[in-house]
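Colleague: need a structure here:
(4 chains)
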There are 2 protein chains.
Amino acid sequence: MTSRDLHRTVEARLRAVGQLYTRNRRALVEALERAGRPVSIPDLLARRRTLAQSSAYRNLGVLEQAGVVHRLVTDEGFARFELAEDLTEHHHHLVCSTCGSVEDVAVPKSFERYVERSLVRAARRAGFSPADHRIDVIGTCRNCGSANRDRLADNRDRS
Amino acid sequence: MTSRDLHRTVEARLRAVGQLYTRNRRALVEALERAGRPVSIPDLLARRRTLAQSSAYRNLGVLEQAGVVHRLVTDEGFARFELAEDLTEHHHHLVCSTCGSVEDVAVPKSFERYVERSLVRAARRAGFSPADHRIDVIGTCRNCGSANRDRLADNRDRS
DNA sequence: CTTCCTGCAAAAGTTTTGCATTAAC
DNA sequence: GTTAATGCAAAACTTTTGCAGGAAG
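Modeller: You can find the predicted model right below:
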């Protein structure tokens, strides 16, 4: 989807829930588009100094209700936001257990189809009506991994 | 694993990180064992009135470091705790988007093997070292589903 | 002109921390 | 008796809310 299509879609979805596409909201959508990964509120505030914290929370809430952004929680103690999946690509997350960063990762369609069918079956057996799923891979990101390798190398050098 | 084995294992893991298996900690482990699903701090405090809130947070932190409990975050704004997976069974979660409740769900071993292999491959391609994965199914639990069906039936009756 | 959005400040909710007391070994 | 855990209260942090002023249609 082009950036222009994105903004048109966002505007339509906001209008559908009786909301306007204001400057602040456009700035948030642009920031999320540029980031290409889930972003925290402090990050968003740093990128747009004039944006009040309460406006960030409120607007992200509105955008979430309009189906434009998705709020996800990590074990960092605060939330992160990303564009809704139908505005990007269906993807999952690589969560670094060292630094808390979150990156997107795509998986093959065949994997998704198989996972989806299996999960629907397992959920139904438990009397649960499945609507969606979420998969996170926990581990060590490239940065923290190489930092760790450096540290190990240092220790070897010293001994 | 029997309850007795569980407590022996917990005691050993706590000792391994220089911590004691005190009454409060035993009570927390027993509560988590009985619950059989992720439990919130308010729930845990309600089940043991003499337990101070700060002790609950502190002890769950210690138990997490000892590898006895696992902290998981939902979009409810607070954390839930469960026994570590190697003390129970490998499982995933059914998260109700209406009431926020979380239940455990088991999936076939063949599913796990396939998912694990696919995720490891996808993560490595992104320069990420995978250690574990987490799968949540989002949807409507049995209670909220039947409440919703009741509501729909009511509306039909009235028209 | 009327409605909705914005920013500031204060409040609410969850989690963490300091410190004196108590329990565990 | 010494060390570690507990409970109370206060603090820190993220998120939500009230309200007066300003922007948008």
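Colleague: quick check: closest non-adjacent residue to A:I138.
Modeller: B:D132 (4.5 Å; CB to CB, 6 or more residues apart in numbering or on different chains). C-betas here are computed from N, CA, C, even on glycine.
Colleague: that neighbour: which element?
Modeller: According to DSSP states H and E, B:D132 maps onto strand B:129-140.
Colleague: briefly note if stretch A:29-41 comes near DNA strand C.
Modeller: No. Interface with DNA strand C: stretch A:29-41 contributes nothing (CB under 7 Å from any atom of the strand), its closest point being 11.7 Å away.
Colleague: restricting to C-alpha, output that stretch in PDB.
Modeller: As requested, the backbone C-alpha atoms of stretch A:29-41 are provided in PDB (Å, rounded to 0.1, in the frame of the first residue of the first chain):
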ATOM      1  CA  VAL A  29       0.300   7.500  11.600                       C
ATOM      2  CA  GLU A  30       3.300   8.800   9.700                       C
ATOM      3  CA  ALA A  31       5.600   8.000  12.600                       C
ATOM      4  CA  LEU A  32       4.200   4.400  12.900                       C
ATOM      5  CA  GLU A  33       4.600   4.000   9.100                       C
ATOM      6  CA  ARG A  34       8.200   5.100   9.200                       C
ATOM      7  CA  ALA A  35       9.100   3.100  12.200                       C
ATOM      8  CA  GLY A  36       7.900  -0.200  10.700                       C
ATOM      9  CA  ARG A  37       8.000  -1.800  14.100                       C
ATOM     10  CA  PRO A  38       6.000  -1.400  17.300                       C
ATOM     11  CA  VAL A  39       6.800   2.000  18.900                       C
ATOM     12  CA  SER A  40       6.400   3.200  22.500                       C
ATOM     13  CA  ILE A  41       4.700   6.400  23.600                       C
END
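Colleague: right, is it up against DNA strand D?
Modeller: Yes. Counting by CB under 7 Å from any atom of the strand, DNA strand D is contacted by stretch A:29-41 at A:40-41.
Colleague: ok now that stretch, how far from the chain's centre?
Modeller: Averaged C-alpha coordinates place stretch A:29-41 at 8 Å from its chain's average position (CA atoms, centre = their mean, to the nearest Å).
Colleague: can you list the residues of chain A near DNA strand C?
Modeller: A:18-20, A:22-25, A:50-55, A:58-59, A:62, A:77.
Colleague: so which of those reach DNA strand D?
Modeller: By CB under 7 Å from any atom of the strand, the members of the residues of chain A next to DNA strand C lying near DNA strand D are A:20, A:22-23, A:53-54, A:58, A:77.
Colleague: tell me the bridge partners for the closest residue in space to A:H92 that isn't next to it in sequence.
Modeller: Nearest non-adjacent residue to A:H92, counting by CB to CB, 6+ apart: A:I135, 4.3 Å away. Taking DSSP bridges as the rule, A:I135 bridges to B:I135.
Colleague: contacts only, for A:I135.
Modeller: Going by CB atoms under 8 Å, 6 or more residues apart in numbering or on different chains, A:I135 touches A:92-93, A:115, B:115, B:119, B:133-135.
Colleague: read off the pLDDT value for it.
Modeller: With respect to pLDDT, A:I135 scores 95.
Colleague: pull the CA atoms of the helix or strand harbouring A:E116 into PDB?
Modeller: Here A:E116 sits within helix A:109-125, counting by DSSP H and E. Extracted in PDB, the C-alpha atoms of helix A:109-125 (Å, rounded to 0.1, in the frame of the first residue of the first chain):
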ATOM      1  CA  LYS A 109       1.600 -18.300   4.000                       C
ATOM      2  CA  SER A 110       1.700 -22.100   4.300                       C
ATOM      3  CA  PHE A 111       2.800 -21.800   7.900                       C
ATOM      4  CA  GLU A 112       0.000 -19.300   8.700                       C
ATOM      5  CA  ARG A 113      -2.700 -21.500   7.100                       C
ATOM      6  CA  TYR A 114      -1.600 -24.600   9.100                       C
ATOM      7  CA  VAL A 115      -1.300 -22.700  12.400                       C
ATOM      8  CA  GLU A 116      -4.600 -21.000  11.900                       C
ATOM      9  CA  ARG A 117      -6.400 -24.300  11.300                       C
ATOM     10  CA  SER A 118      -4.800 -26.000  14.200                       C
ATOM     11  CA  LEU A 119      -5.500 -23.200  16.700                       C
ATOM     12  CA  VAL A 120      -9.100 -22.900  15.600                       C
ATOM     13  CA  ARG A 121      -9.600 -26.600  16.200                       C
ATOM     14  CA  ALA A 122      -7.900 -26.500  19.700                       C
ATOM     15  CA  ALA A 123      -9.800 -23.400  20.800                       C
ATOM     16  CA  ARG A 124     -13.200 -24.700  19.700                       C
ATOM     17  CA  ARG A 125     -12.600 -27.900  21.700                       C
END
